[in-house]
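1. can you look at this prediction? I've put the sequence above it.
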Amino acid sequence: MARALLSVSDKTGLVDFATLLSDLGYELLSTGGTFKTLSEAGLEVQKVADITGFPEILEGRVKTLHPRIHGGILAKRNYGHLQELSEHSISPIDVVVVNLYPFRETVAKPGVSEDEAIENIDIGGPTMIRAAAKNYAGVLVLVDPSDYARVGDALKQGKADSLRRELARKAFAHTAAYDSAIVGYFDRGVDLPDSLHLALERSEILRYGENPHQQGARYRERLGFWDSLKQHKGAALSYLNVFDTEAAWQLVHEFKGPACVIVKHANPCGVANGKSISEAYDRAFACDPKSAFGGIVALNQVIDATTAEHLMENAKADVIIARGYTPEALELVMGKRKNMRVLEANAPEQQSLELRRIDGGFLVQNPDTVTMSRESWKVVTETEPTDAQWQDLEMAWLVCAYTKSNAIALVKDGQAVGIGAGQQSRVDAADIAAKKAEGRAQGGACASDAFYPFRDGLDAAAAAGVKTVIQPGGSVNDQAIIDAANEQGIAMVFTGERHFRH
């Protein structure tokens, strides 16, 4: 008689699948809570302890770690192995249905204790899964309840052999991800651990990659806002849609009040706050209407009908992402521009490490957290910023930190009016920002993501009309830059913190 061993933490679909196995003539073996569930469902099931002749011990830590179980799983279906099983009164096990203790879910709970985390590290389960996957030629291994239906159909039709290798691969991926989560738990609080163990699950096939001839997909390490995101309308997302939307969504959530960020090619081209979300959008769009065409519009609040009307009156956006939409607003944005993606999402979470591929490996760093602390910043000029100027300096500093280097950001009255991004020369970045500002930076703030090596960059900011400058400082020419600021009546702040972004 064929035998199936079932021992699962997630009991979704368990009884139905076990019933199908029983109807197909499989003898059912089980442990602990799984045995209880199957017995209460009226199925005939045998305890693993009765097979091994040894009780579950150590509070359930040892149940299946026994030759009568692992011999039955690991034996090749050839004469020599089967003869050896017979000599030891061991019967083969043909189907293994196992999923693991909820370690990832347990350690995600606030205030979880070390003891609780450790007790949710499964030992017997991964061992059975790996044994069955290694011997996939003779054993079907299932770790995902979503596979029960198709495997059941294949068993009924006598076509299960075609699934064996695929299921084994999935089983090894399951245990690899489980071990990765455990390593991640032990790495908590470690800035750069000795090794990284990433288990990435493909969660979405994208429309295409960075260019249409490239394939692209989104893989996830854990659930993020992308996995709960709702797409109300529009074409499928491409690689760059996701990349640019991530940049806009992260920046807009740096603001507490109503705010809008418009991103084009991973750089902000419009940033503003406002008394309402509609005002924030209008002011962000006004920063650079030309660049806003085909960009990403991110709003950190629910979009109302007024905002939706303005969105549809202005240049087309490729993506609109917001915390939600009123019914009237949704009706408006759904009515035109059928390919425009309309997204609704939760707030993003802080990442633990940033990775970028290089030949043979990755560059890894902690995320660039932007310090927004006047107390740690230093006014280095004779003139000090006013309260209103401080607010513009803070916004300029934030926008600059989210802009590709070399970067210059000009802000006036809570509105970015000119942004120069991704230039090899800081003066060129300043000139671009001033050109985009078109005189609107008069009396405003200028941020530079790194120090000014020479006074020409500061002179370019002064020519744009700004009255305050924020920069890291740290150049050998700092005093010359300070003297130039004093000469032009500019208040200048040193943060002591650079924010290059490549």
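-> Arrived safely, thanks for sending.
2. please make it C-alpha for all contacts and neighbour counts, starting now.
-> Fine.
3. tell me where the chain is predicted with low confidence.
-> 59 (pLDDT under 70).
4. quick check: the gap between the residue located most distally from the centre of it and Ile73.
-> Here the chain reaches farthest from its C-alpha mean at Glu87, the gap being 53.0 Å by CA atoms, centre = their mean. Going from Glu87 to Ile73 by CA to CA, to the nearest Å gives 16 Å.
5. before we move on, what about Leu363?
-> From Leu363 across to Ile73, the span is 42 Å (CA to CA).
6. out of those two, which sits in the more crowded spot?
-> A count of neighbours by other CA atoms under 10 Å puts Ile73 above the other of Leu363 and Ile73, at 29 against 10.
7. neighbouring contacts of the helix or strand that contains the more buried one?
-> Assigned by DSSP states H and E, Ile73 belongs to helix 67-74. For helix 67-74, contacts defined as CA atoms under 8 Å, 6 or more residues apart in numbering pick out 51-52, 64, 85, 90-94, 128, 131-132, 134-135, 139.
8. and which of the residues you listed is nearest to Phe186?
-> The closest of these to Phe186 turns out to be Met128 (CA to CA; 24.0 Å).
9. can I assume that closest one sits in a helix?
-> Yes - Met128 sits within a helix when classified using DSSP: H, G, I helix; E, B strand; the rest coil.
10. skipping adjacent residues, who's closest to it in space?
-> His70 (7.1 Å; CA to CA, 6 or more residues apart in numbering).
11. what number of residues lie near the one you found?
-> By other CA under 10 Å, the residues close to His70 number 18.
12. ok, now Gln157?
-> When neighbours are counted by other CA under 10 Å, Gln157 registers 9.
13. with Leu140 instead?
-> Neighbours of Leu140 (other CA under 10 Å): 24.
14. tell me the phi and psi of it?
-> Dihedral pair for Leu140: phi -90, psi 130, per degrees, to the nearest 10.
15. any idea how far the closest residue in space to it that isn't next to it in sequence lies from Phe243?
-> In space, Leu140 comes closest to Val95 once its chain neighbours are excluded; the distance is 4.7 Å by CA to CA, 6+ apart. Per CA to CA, Val95 is found 42 Å from Phe243.
16. out of these two, which sits in the busier spot?
-> Legend: neighbour count by other CA under 10 Å for Val95 and Phe243, higher for Val95 (22 against 13).
17. which other helices and strands does the longest helix anywhere in the chain contact?
-> Longest helix in the chain by number of residues (criterion: DSSP state H): helix 164-186. When contacts are defined as 3 or more CA pairs under 8 Å, 6 or more residues apart in numbering; DSSP states H and E, helix 164-186 sits against helix 103-107, helix 124-134, strand 140-142.
18. tabulate these (JSON lines), appending distance to Arg77.
-> Converted to JSON lines, the helices and strands packed on helix 164-186 look like this (distance: least, CA to CA, whole Å):
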{"stretch": "helix 103-107", "distance to Arg77": "34"}
{"stretch": "helix 124-134", "distance to Arg77": "13"}
{"stretch": "strand 140-142", "distance to Arg77": "13"}
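19. tell me which of the ones you listed sits nearest to Arg356.
-> Arg356 lies closest to helix 103-107 among these, at 25.0 Å (CA to CA).
20. give the buried residues for the closest one.
-> Across helix 103-107, burial judged by 16 or more other CA atoms under 10 Å covers Phe103, Arg104, Thr106, Val107.
21. stretch 302-316 too?
-> When neighbours are counted by 16+ other CA under 10 Å, the buried residues of stretch 302-316 are found to be Val302, Ile303, Asp304, Ala305, Thr307, Ala308, Leu311, Met312, Ala315, Lys316.
22. ok, the second one touching Pro327?
-> No - using CA atoms under 8 Å, Ile303 and Pro327 do not qualify as a contacting pair, with a distance of 9.5 Å.
23. nearest to Leu196, of the buried residues of helix 103-107?
-> Distance to Leu196, by CA to CA, is smallest for Arg104 among the buried residues of helix 103-107, at 16.8 Å.
24. centre-most residue in this structure?
-> With the centre of the chain defined as its mean C-alpha position, the nearest residue by CA atoms, centre = their mean is Gly224, 4.7 Å away.
25. so who does that one touch?
-> Counted by CA under 8 Å, 6+ apart, Gly224 has contacts Pro348, Glu349.
26. burial count for Cys260?
-> Neighbour count of Cys260, defined by other CA under 10 Å: 33.
27. just the element for it, please.
-> Per DSSP H and E: strand 259-264 holds Cys260.
28. which helices and strands sit right next to the helix or strand following that strand?
-> The first helix or strand that comes after strand 259-264 along the chain, using DSSP H and E, is strand 267-273. Secondary-structure packing of strand 267-273 (3+ CA pairs under 8 Å, 6+ apart): helix 239-252, strand 259-264, helix 277-287, helix 289-292, strand 415-420.
29. each with direction, which strands does the helix or strand that the fourth one is followed by pair with?
-> Under the assignment DSSP H and E, the closest C-terminal helix or strand after helix 289-292 is strand 296-303. Applying DSSP bridges to the sheet, strand 296-303 is found paired with strand 259-264 (antiparallel), strand 319-325 (parallel).
30. strand 296-303 to helix 277-287, inter-axis angle?
-> Per axes from the mean of the first three to the mean of the last three CA atoms, to 10 degrees, the angle that strand 296-303 makes with helix 277-287 is 160 degrees.
31. what's strand 296-303 in contact with?
-> Residues from elsewhere that reach strand 296-303 (CA under 8 Å, 6+ apart): 241, 244-245, 248-249, 252-253, 258-264, 277-278, 281, 317-326, 329.
32. just checking, next helix/strand downstream of it?
-> Taking DSSP H and E, what comes next after strand 296-303 is helix 305-313.
33. name the surrounding residues that touch that next one.
-> Contact with helix 305-313 is made by Ile277, Ser278, Tyr281, Asp282, Thr326, Glu328, Ala329, Leu330, Leu332, Val333, Lys336, as judged by CA under 8 Å, 6+ apart.
34. 7 Å instead?
-> When contacts are defined by CA atoms under 7 Å, 6 or more residues apart in numbering, helix 305-313 is touched by residues Ile277, Ser278, Glu328, Ala329, Leu332, Val333.
35. angle of that helix against strand 296-303?
-> When the same axes, to 10 degrees is applied, the directions of helix 305-313 and strand 296-303 differ by 160 degrees.
36. centre of the chain to helix 305-313, how far?
-> 30 Å (CA atoms, centre = their mean, to the nearest Å).
37. likewise for stretch 120-140?
-> Centroid separation for stretch 120-140 versus its chain: 29 Å, with CA atoms, centre = their mean.
38. tell me the span between the first and last residue of that stretch.
-> Start and end residues of stretch 120-140 are separated by 25 Å (CA to CA).
39. what's in contact with it?
-> Residues outside stretch 120-140 that contact it (CA under 7 Å, 6+ apart): 64-65, 73-74, 76-77, 94-96, 98-103, 141, 164-165, 168, 171-172, 175.
40. out of those, which are buried?
-> Buried among the contacts of stretch 120-140 (16+ other CA under 10 Å): 64-65, 73-74, 76, 94-96, 98-101, 103, 141, 164-165, 168, 171-172, 175.
41. what's the local residue count around the nearest residue to Phe103 once chain neighbours are set aside?
-> The shortest distance from Phe103 to any non-neighbouring residue, by CA to CA, 6+ apart, is to Asn120 (5.1 Å). The burial count assigned to Asn120 is 17, neighbours taken as other CA under 10 Å.
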